[in-house]
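Trainee: missing the sequence, but the structure's below:
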């Protein structure tokens with residue numbers, strides 16, 4: 001089944017979430033973008049494309065759009081330029097898994113700022129195909145950060161997820177490791193940081209388009225558990241706060257966005273169905289491997305501290321990054337090419353626990 005991304009107006013999203021969703025940029029965030037060369041990886045995705053749109057409004061010198069999805073790049077160029085000729089040097093077709101290609105591209109572009117949004121994000125798929133999560137989320141991030149540093153980039157921002165806090169899944173583990181890989185470059189000339197947030201409503205392949213499809217076609221709505229909750233925010237809201245956090249990037253910190261209170265999924269379903277004037281038929285499927293009943297923004301070891309932005313907190317890090325982390329990541333990448341799924345997952349968790357600080361052992365099952 002293929003569904004188009006759901007278009008839902010800002011007022012409807014605000015009503016659904018019970019909060020304002022419009023980004024408001026601080027003077028510092030605006031000046032951090034103005035006149036700069038910006039590169040966005042995963043530019044064709046929901047978050048990446050919204051970062052591109054918002055950066056465009058802040059008067060950059062140029063914005064480069066990097067993705068491996070030709071169709072997504074074409075669609076975004078049509079939206080931004082009114083044509084899809086794909087003959088513009090700002091449209092970059094590349095795979096972040098290829099470090100040599102990234103080195104050449106970064107050396108040519110020499111971006112001032114990199115927003116790294118490219119990632120695999122579907123939890124159940126990565127439980128079944130852990131090698132793909134490792135190659136994209138861990139090795140891909142390592143490639144992007146290294147290439148940016150070698151090209152003289154001033155600021156590198158890695159987009160993470162709330163599933164990286166006390167991770168229980170391959171997705172969470174790979175994104176937590178990506179945070180540590182990013183932090184490994186702290187202390188040099190490039191300012192680095194990660195930004196952690198939860199689910200975004202309306203993104204491609206996410207909960208809301210699926211819910212809309214099920215309700216519109218009189219299908220049962222599938223929910224894992226009656227009590228399950230998630231953090232939600234709109235795509236524009238998340239992208240705007242990523243830009244704010246990027247302005248504060250310094251020495252490998254992980255910033256956590258304020259997403260408000262967690263929302264019970266069943267409540268969200270019933271509010272959305274009421275707006276369509278339908279009565280949902282709900283089927284409970286049970287939590288899938290690696291899923292949590294309630295997500296967290298930080299674990300019991302991390303501490304959240306306030307920043308100068310009221311909606312952005314910072315995690316007091318796990319501790320200094322193990323100097324051998326990047327070499328260990330290379331070895332994990334070689335294992336991803338040859339090891340079976342169970343062996344590879346064991347390698348991933350062992351590496352995270354050994355080099356990623358005090359990630360709770362009980363969650364690594």
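Mentor: Thanks, I have it. These numbers were taken from a predicted model, which means no experiment stands behind them.
Trainee: which SSE is residue 352 in?
Mentor: Element membership for residue 352 (DSSP states H and E) is helix 341-355.
Trainee: What are the buried residues along that helix?
Mentor: By neighbour count on 16 or more other CB atoms under 10 Å, the buried set for helix 341-355 is 344-345, 347-349, 351-352, 355. Where you see a C-beta, it was placed from the backbone N, CA and C, and this is true even at glycine.
Trainee: Check for me that residue 222 belongs to a strand.
Mentor: Yes. Counting by DSSP: H, G, I helix; E, B strand; the rest coil, residue 222 is part of a strand.
Trainee: count of neighbours near residue 155?
Mentor: 22 (other CB atoms under 10 Å).
Trainee: my guess is it meets residue 116, correct?
Mentor: No. Between residue 155 and residue 116 there is no contact under CB atoms under 8 Å: 11.1 Å.
Trainee: hey, where'd the helices end up in this structure?
Mentor: Secondary structure of the chain (DSSP state H): helices located at 10-17, 27-33, 46-57, 70-81, 99-109, 123-128, 130-133, 141-150, 170-183, 207-216, 235-248, 265-276, 325-336, 341-355.
Trainee: Nearest to residue 189 among those helices would be which one?
Mentor: helix 141-150 (7.8 Å; CB to CB).
Trainee: and for that closest one, what are the contacting residues?
Mentor: Under the contact criterion CB atoms under 8 Å, 6 or more residues apart in numbering, helix 141-150 has outside partners 41, 96-99, 102-103, 105-107, 111, 114, 116, 118, 156, 158, 178, 181-182, 184-185, 188-190, 192, 326, 329-330.
Trainee: starting at the chain centroid, how far to it?
Mentor: Centre-to-centre, helix 141-150 and its host chain are 17 Å apart (CA atoms, centre = their mean, to the nearest Å).
Trainee: Run the angle between it and helix 99-109 for me.
Mentor: Inter-element angle recorded for helix 141-150 and helix 99-109: 30 degrees (by axes from the mean of the first three to the mean of the last three CA atoms, to 10 degrees).
Trainee: and residue 248, how many neighbours?
Mentor: Using other CB under 10 Å, residue 248 has 22 other residues around it.
Trainee: so what's the nearest residue to it once chain neighbours are set aside scoring on pLDDT?
Mentor: The shortest distance from residue 248 to any residue other than its chain neighbours is 6.0 Å, reached at residue 307 (CB to CB, 6 or more residues apart in numbering). Turning to residue 307, the model gives it a pLDDT of 95.
Trainee: One more: residue 283?
Mentor: pLDDT, residue 283: 95.
Trainee: The spatially closest residue to it that is not a sequence neighbour and residue 280, how far apart?
Mentor: In space, and not counting its chain neighbours, residue 283 is closest to residue 220: 4.3 Å by CB to CB, 6+ apart. Using CB to CB, to the nearest Å, residue 220 is found at 8 Å from residue 280.
Trainee: residue contacts, the residue nearest to residue 283?
Mentor: By CB under 8 Å, 6+ apart, the residues touching residue 220 are 214, 281-283.
Trainee: Grab the nearest non-local neighbour of residue 259.
Mentor: Per CB to CB, 6+ apart, closest to residue 259 is residue 231, 4.1 Å.
Trainee: What is the burial count for the one you found?
Mentor: Neighbours of residue 231 using other CB under 10 Å come to 20.
Trainee: So it is in contact with residue 200, correct?
Mentor: No. Using CB under 8 Å as the test, residue 231 is too far from residue 200 to be in contact (9.9 Å).
Trainee: Just the buried ones from the contacts of residue 220, in PyMOL syntax?
Mentor: This is how PyMOL selects the buried members of the contacts of residue 220, with burial counted by 16+ other CB under 10 Å:
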select buried, resi 214
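Trainee: Nearest to residue 169, out of the contacts of residue 220: which one, please.
Mentor: Closest to residue 169, out of all of the contacts of residue 220 and judged by CB to CB, is residue 283, at 22.4 Å.
Trainee: Kindly check the end-to-end length of stretch 86-100 for me.
Mentor: The first and last residues of stretch 86-100 sit 23 Å apart, counting by CA to CA, to the nearest Å.
Trainee: how close does the residue nearest to residue 283 get to residue 210?
Mentor: From residue 220 over to residue 210 the distance is 12 Å, taken as CB to CB.
Trainee: With residue 137 instead?
Mentor: Note on residue 137: its distance to residue 210, by CB to CB, is 22 Å.
Trainee: do the same with residue 40
Mentor: In terms of CB to CB, residue 40 sits 26 Å off from residue 210.
Trainee: and those two? which has more neighbours close in?
Mentor: Counted by other CB under 10 Å, residue 40 and residue 210 do not tie: residue 40 has more neighbours, with 30 against 16.
Trainee: pretty sure that one is touching residue 109, no?
Mentor: No. Counting by CB under 8 Å, no contact exists between residue 40 and residue 109, whose distance comes to 11.5 Å.
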